[in-house]
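**Q** Next comes the sequence, and after it the predicted model I'd like to discuss.
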Amino acid sequence: MGEILDALLAPLGQGFVRRALYAGLALGAAGSLLGVFIVQRGLGLLSDGLAHATFGGLALGLLLGATVDRAMWVALPFTVAIALGIQHVRRRTTLGGDVATGVFFAVSFAAGILFLGLRSARSAPVNVEGLLFGSLLAVSPESLAVIVGVAALVIVVLAWVGPRLAYATFDPELAALSGVPVAALEYLLLALTALVVVVGVKTVGVVLVSAFVVIPAATASLLGRTLGTIALVAVGLSLFGTAFGLFASYHLNVATGATIILTLGATFFLALVLRRR
Amino acid sequence: MSPALRAQGVTVELGERRVLDDVSFEVARGEFACLCGPNGGGKTTFLKAALGLVPLAAGSIEVLGARPGASANAVGYLPQAKAFNPTFPARVVDVIVANRRGAWPVRVGAADRERARAALARVGGERLLDAVLRGLSGGEMQRAYLARALVNEPALLLLDEPTAGVDARGRGEFLDLLSGVAAREDVAAVLVTHNAAAVRRLAHRVVYLDARVMAWGTPAEVLDREWDRAAFSGHDHDAPPAPLCEDE
C-alpha cells in the first residue's frame, strides 16, 4: 500500500510539479469560493467572458513590449476594468448580465487579436495556443507567488464581506435596508473574479479557467442545503479535483488543465445522479 | 417624544411621473395606521421612501425621530413582493437571523436560532423554522416574513399588503396576528391594504392616498363619510371610488 502511495506521489519530488500543485490548489480554493456567489447570482458565463477579456489584456501587454509572464501585470487592471464595466452596464441599464458580458467579451477578444496583429514583425513570436489552453506545469516561481498572493487576498476579502455579499445575493433590497452596501459589494465581487480569472488563465488557460470558478460551486449547490455547506463542499471538491487531476495527468501523460476540469466535471455529473436519488 | 412617522410635503418623482405629491401626515407611537388608495396611488412608494429606498424630490420623512434608513433595526418591514433570489439556499431561520445580524448567517448559533424560533412562535409558525423558503405557501411565506419583521422588536412596522396572495382562511388568521400587534402600545404600524375589513378591525387612523392625501381620519370618518365630489376634482379621480377600501 505504502509503495503504491509513494509511486503515486513520486511526482512531488520535482519542483515544477509542486509549484503546479500549489498554484492549482490556491486557484481552486479562491475560484470555488467566488464561484458560490457567481453561481447563486446566475452569472456562470461571467468568468468565461472575463477569461476572454484577459486575452485582450495579455495581448495589450505583449503589444506594449512585455513578456508573456509580465503581460499579466497589464491584463490584471485591464480585466478588472472590463469587469467593472460589465457591472456598470448591469446596474445602469435594463440589459441582463449575460448581454453585458457578451458585448465586453467579444470586444475585448477582438481587441486582443488586433493587438497581436499590431505587434512589430521583429517581436518575439507568441504561442497563442499557450494563452488559450494554459500550462499548469510551467508555472514559474514568480507566477506562483502572484497566484498564491491573489488567492490569499480573495479568500481574506470573502471571509470579511462574504456574509453581507450573501445577503445581497439573497435579496438586494432587504440587504440594503440592513445597511449592506449592495452596489459596492457587487463591484467588488466582479473585481475579485477578474483577479482570479487573470491568474487562472496562466495556469489552465482562457478556455478552461471559468470551469475552476463555476463547476465546484455548481456541484456543491446540487448537494448542499445551506450556504455554509455549499461553500465547504465547493472548496473541498475543487481541492480534490485539482490534486487528483494533476497526479492523474502526470501518470497518464495527458494534458493537466483538461484532466483537472474533466475531474471536476465528473463530480458534477455524479452529484446530478446522487441528487436524483 | 417624536411621532413614529412624520411625513411633511413628501414628493417623489419616478422618471417623468410624480408618484407622491406634497404628502403630509403623522403616525403616533403605538398607533396603527392603514394606507388605502387605488393601485398606482403611491402607497408602496411611500413605504419605500420611509425606508430610505426611494429618494425624495421634496419634503421630508422622519422615522422614529431620524431620517429614513437611519434606524433600520427599529423598523420592521414586510414587503409586498418577495423579490428574493429563488435559487439561493435560504431557510426561514436564515432569513430571520439575517435581519438580526445585517448579514447572511453562514452558521446559525443556538442563541440566534432560539430568537428566530421565538419570533416564529409569535406568528404561529414555529414549524417553519427549518423550512426551505422557496417551498412555502403564500400564507406561510407571509408568516415567515412577519416573524422576520418582528425579530428585532421594532418600534415601527411597515406592512405592504401582507394578505395579498393568501386565501380567505389565511387572511383571517393573518388579521388575527396583526390584531395582536395592533394591541401592543409600544409598536406603531403602517399597513398598506385594500381590505376594508382589515381597516375597520385594525386601524386607529386611515390615510387615503392617491398621489396626494385625499382623506385622513378614523376608519369611521374615512370609510363611512359622504364625500364631497368637488374635493376630489383636479386629480386622477373626479370623485373617490366608493367604497374607499374594498371587502375582499
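**A** Arrived safely. Residues are numbered from 1 along each chain as shown, chains lettered A, B, ... in the order given.
**Q** could you check whether the lengthiest helix in chain A is close to chain B?
**A** Longest helix of chain A, by residue count under DSSP state H: helix A:182-223. Yes. Using CB under 8 Å from any CB of the partner chain, helix A:182-223 comes into contact with chain B via A:S221. To be clear about C-beta, it is placed using only N, CA and C from the backbone, and glycine gets the same treatment.
**Q** Can you give me the buried ones in the helix or strand following that helix?
**A** Using DSSP states H and E, the helix or strand that directly follows helix A:182-223 along the chain is helix A:227-252. For helix A:227-252, a neighbour-count test (16 or more other CB atoms under 10 Å in any protein chain shown) marks A:227-228, A:230-239, A:241-250 as buried.
**Q** Stretch A:91-105 now?
**A** A:97, A:100-101, A:104-105.
**Q** Tell me the one of the residues you listed nearest A:P11?
**A** When the buried residues of stretch A:91-105 are compared for distance to A:P11 (CB to CB), A:F105 wins out at 35.5 Å.
**Q** Spell out which parts of the stretch 101-250 of chain A neighbour chain B.
**A** A:162-164, A:166-167, A:169-171, A:173-174, A:176-180, A:221, A:224-231.
**Q** Which parts of the chain are helices?
**A** Unless you meant another one, I'm taking chain A. A:2-9, A:15-40, A:44-63, A:72-92, A:97-118, A:128-133, A:141-170, A:172-177, A:182-223, A:227-252, A:256-276.
**Q** actually chain B
**A** Counting by DSSP H, chain B has helices at residues B:43-51, B:92-101, B:110-122, B:138-150, B:168-183, B:196-202, B:219-223.
**Q** wait, doesn't B:V108 sit right on B:V93?
**A** Yes. Here B:V108 reaches B:V93: they are 5.7 Å apart, a contact under CB atoms under 8 Å.
**Q** Centre-most residue in chain B?
**A** B:L159 (1.6 Å; CA atoms, centre = their mean).
**Q** What angle do helix A:72-92 and the longest helix of chain A make with each other?
**A** Using axes from the mean of the first three to the mean of the last three CA atoms, to 10 degrees, the inter-axis angle of helix A:182-223 relative to helix A:72-92 is 100 degrees.
**Q** Just the buried positions in the helix or strand of chain A with the lowest mean pLDDT, please.
**A** The weakest-scoring helix or strand in chain A, judged by mean pLDDT, DSSP states H and E, is helix A:128-133 (a mean of 72). The neighbour-count check on helix A:128-133 (16+ other CB under 10 Å) flags A:131, A:133 as buried.
**Q** Any residues of chain B in contact with chain A? List them.
**A** Contacts of chain B with chain A, taken as CB under 8 Å from any CB, map to B:51-53, B:69, B:72, B:77, B:79, B:83-85, B:87-91, B:94-95, B:98-99, B:101-107, B:132.
**Q** which residues in chain B form strands?
**A** Ranges of strands in chain B, per DSSP state E, are B:5-14, B:17-27, B:32-36, B:58-63, B:75-78, B:156-160, B:188-192, B:205-210, B:212-217.
**Q** Point me to the residue sitting closest to the centre of chain A.
**A** Closest-to-mean residue, chain A, CA atoms, centre = their mean: A:V197 / 3.9 Å.
**Q** Now do that one against chain B, distance only.
**A** Here the distance between A:V197 and chain B works out to 22 Å (CB to the nearest CB, to the nearest Å).
**Q** residue contacts, the residue lying closest to that residue once chain neighbours are set aside?
**A** Leaving aside its sequence neighbours, A:V197 sits nearest to A:L50 (CB to CB, 6 or more residues apart in numbering or on different chains; 4.4 Å). Contacts for A:L50 (CB atoms under 8 Å, 6 or more residues apart in numbering or on different chains) come out as A:79, A:82-83, A:101, A:105, A:193-194, A:197-198, A:210.
**Q** Find the residue closest to B:D210 in space, skipping its chain neighbours.
**A** B:G41 (4.2 Å).
**Q** cool, A:L153 as well?
**A** Nearest to A:L153 is A:L195, by CB to CB, 6+ apart, at 7.3 Å.
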